[in-house]
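*Asks:* 3D, please:
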Amino acid sequence: MGKLNSFVIVFSQTQNIYYPGQTLQGHVTVDLNDTMKMRGIRLRFEGKAKVEWTEGSGDNEKDYSAKEKYFKDDILLDGRGADMPVTETNSKTVGCLCCESGPINANFTIDRQGYVPGEAIILKAEIDNMSDGQIESSSVTLTMETTFRVKHKTKHKQTKVAKLKHGSILMGEHDYWNGDKLVIPPLPPSYLACCSIIDVKYILMLTVRPPGLTFDLNIHLPVIIGTIPLQSVFDSHPAIMHPAAYRETSSSFPTPSAYPPGETLPTDTFSSGAGYASPVNPPQRSALPPPSYAECVFGKVNIAEEGDTKYVKGDTEYAPAYTYYNWGHKPSALPV
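*Replies:* Residues are numbered from 1 along each chain as shown. Okay, the predicted model is just below:
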């Protein structure tokens, strides 16, 4: 077996049947007999069906088969991409070959890659201006990269959603981002599981604007925006309050995927009148309250459909609402 002694998944519940919205809990044990390099440990949930049979015999034998996939979700349990620090560096020389000045050096660090709306990304950066001129400014921008797919065609769109900025840096001087907080506004989660025509990713970019006509120095760090905070983050924050900076929606019942670890649907939801039977041993609800919901930072759009006539009534302005954890952070400025 090499370095791996055992790789075991054990569920906390003993039953094999789960009702919709119930939290599936357990633990994964990885036992090694020596150091092993790995990029991470992922847990995959997959629902699918397959049928197959054979008819006839000999030369007349024929196979029949079909399959369907109902869901496929991956969760990163450990490794880069969720709770590990990420650091990148870059440098740029200002000027041309005949009159080059000293370099501009920068490094950029975030404490992890996994966040939820309402959390603050703690920014750390160091910029050394060894050039012969004054750096105009430095800034950090959170950008949403959206990919739209149709048959035989793909479209990409970049939208800036939050930004922080520092001032100029004199020749020979340094500037430090020492824990600046960029707060994530209400946004859709990364990747959009179960959606094959829209993909969403987020990039955090440090931009340094050198003197003269030189191109900007950029450092990109990918971040993952989800709906449930990391357990270590949850434990370090007080109880969740309603969002103050963004307009809360009237929805009072969150979807199962947005519940924090340990949360489940309220047991009074399951009644014979609703067509469900109460579970024999319903899991205990966590003392932590569910998240609030806030209108998307991009605001409302017109959802009127082509072919609608004047007889179609109702409000055609709509804005989706997303999970938002208000832990007291002042929202970052929207990019101009």
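*Asks:* so where does the spatially closest residue to Tyr324 that is not a sequence neighbour fall, helix or strand?
*Replies:* Spatial nearest neighbour of Tyr324, chain neighbours left out: Ala294 (4.0 Å); criterion: C-beta to C-beta, 6 or more residues apart in numbering. All C-beta spots, glycine's among them, are computed from the backbone N, C-alpha and C. If you go by DSSP states H and E, Ala294 is part of strand 292-295.
*Asks:* how far is that strand from where the chain is centred?
*Replies:* 16 Å (C-alpha atoms, centre = their mean, to the nearest Å).
*Asks:* contacts only, for Thr316.
*Replies:* Residues near Thr316 by C-beta atoms under 8 Å, 6 or more residues apart in numbering: 302-304, 308.
*Asks:* neighbour count and distance to Ile122 added to these, as TSV?
*Replies:* Formatted as TSV, the contacts of Thr316 follow (neighbours: other C-beta atoms under 10 Å; distance: C-beta to C-beta, whole Å):
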residue	neighbour count	distance to Ile122
Asn302	8	38
Ile303	12	37
Ala304	12	42
Asp308	10	47
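*Asks:* dump these to TSV, plus distance to Ser138, pLDDT and secondary structure.
*Replies:* Output for these, formatted as TSV (distance: C-beta to C-beta, whole Å; pLDDT from 0 to 100; DSSP: H, G, I helix; E, B strand; the rest coil):
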residue	distance to Ser138	pLDDT	secondary structure
Asn302	38	85	strand
Ile303	39	84	coil
Ala304	43	83	coil
Asp308	48	81	coil
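*Asks:* ok, those residues vs Thr141, which is closest?
*Replies:* For the contacts of Thr316, the residue nearest Thr141 by C-beta to C-beta is Asn302; the value is 27.5 Å.
*Asks:* show me the contacts for that closest one.
*Replies:* Taking C-beta under 8 Å, 6+ apart as the contact definition, Asn302 lies against 316-317.
*Asks:* partner residues bridging it?
*Replies:* Glu317 (DSSP bridges).
*Asks:* also Arg149?
*Replies:* Thr154.
*Asks:* what bits of the stretch 101-250 of the chain have low per-residue confidence?
*Replies:* Along the stretch 101-250 of the chain, segments meeting pLDDT under 70 span 234-250.
*Asks:* centre-most residue in this structure?
*Replies:* Against the mean C-alpha coordinate of the chain, by C-alpha atoms, centre = their mean, the closest residue is Ile225 at 1.8 Å.
*Asks:* what's the neighbour count on the closest residue in space to Thr147 that isn't next to it in sequence?
*Replies:* Nearest residue to Thr147 in three dimensions, chain neighbours excluded: Asp199, at 4.2 Å (C-beta to C-beta, 6+ apart). Using other C-beta atoms under 10 Å, Asp199 is surrounded by 16 other residues.
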